[in-house]
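> for reference, the sequence and a predicted model appear below.
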Amino acid sequence: MSTPAHEHWTDLTIRRPDDVRTITGGRVSLSWQAEKRAHHVDRLMNRTLPSDFPDPVERGDAGDVLAVLALSESMRRDLTARRAGDIREALLLGATWTEIAAAIDATPDEARAVLRDWTERQHRLHQREVERGRPLGSDEDRHAAVLALIELADDEPRAADA
């Protein structure tokens, strides 16, 4: 891929999770982050090659380790931020709480708590922002729909017509 945004990202030095931003200041896709992290990991792995290795290689340094740490933290944050939305999506597509709990190595009640916390925060965001003329977050209908998903029994899939 060769776009100005990707070229900017490829050339960007990462030392902190907050450095992970696009040319316009937005979020960087997880695939781009993983690609950049893999490049730094490869350079670090080259440090284990013998000094007389016949092919030219780039050997990693402290900057590579710092980039790996910062990218790992950025990716962790992004994945955590998406977790509740992914749980909601799984329920909407017919997964059960038992299946979701297994997928995230938690109990069904722990998985419900993730979604409940998220929907409450989204609902409070909507209540604050609607006063400012910005309809962000979850309105009453969406909030109620997510609460209904939370009430499903552990092995009860969402009704197909819901």
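That came through fine.
> the nearest residue to residue 92 once chain neighbours are set aside: which element?
Excluding the flanking residues, the one nearest residue 92 by CB to CB, 6 or more residues apart in numbering is residue 158, at 6.3 Å. C-betas here are computed from N, CA, C, even on glycine. Counting by DSSP states H and E, no helix or strand carries residue 158.
> give me the below-cutoff pLDDT ranges for this structure.
1, 161-162 (pLDDT under 70).
> residues making contact with stretch 24-32?
5-6, 9, 20-22, 74-75, 78-79 (CB atoms under 8 Å, 6 or more residues apart in numbering).
> re earlier: pretty sure the residue nearest to residue 92 is touching residue 91, no?
Yes - counting by CB atoms under 8 Å, residue 158 touches residue 91, with 5.6 Å between them.
> got any residues that touch both of the two?
149, 152.
> out of these two, which sits in the more crowded spot?
The neighbour count for residue 158 versus residue 91, taken as other CB atoms under 10 Å, is higher for residue 91 (22 against 16).
> ok so, going back, what residues are up against the residue nearest to residue 92?
With CB under 8 Å, 6+ apart, residue 158 has these contacts: 91-92, 94, 149, 152.
> may I ask which of those residues has the most neighbours?
residue 91 leads the contacts of residue 158 on contacts (other CB under 10 Å) with 22 neighbours.
> can you flag which of the contacts of stretch 24-32 belong to strands?
Assigned to strands by DSSP state E, none of the contacts of stretch 24-32 qualify.
> let me have the residues you listed in CSV, adding distance to residue 49 as columns.
Putting those into CSV (distance: CB to CB, whole Å) gives the following:
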residue, distance to residue 49
5, 33
6, 29
9, 27
20, 29
21, 33
22, 34
74, 28
75, 27
78, 32
79, 32
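> buried among these? Make that a ChimeraX selection.
Buried residues among the contacts of stretch 24-32 (16 or more other CB atoms under 10 Å), as a ChimeraX selection:
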select :6,9,20,21,74,75,78
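> and what about the closest residue to residue 107 other than its chain neighbours, helix, strand or coil?
Distances taken as CB to CB, 6+ apart put residue 101 closest to residue 107, at 5.5 Å, once the chain neighbours are dropped. At residue 101 the chain is in helix, as set by DSSP: H, G, I helix; E, B strand; the rest coil.
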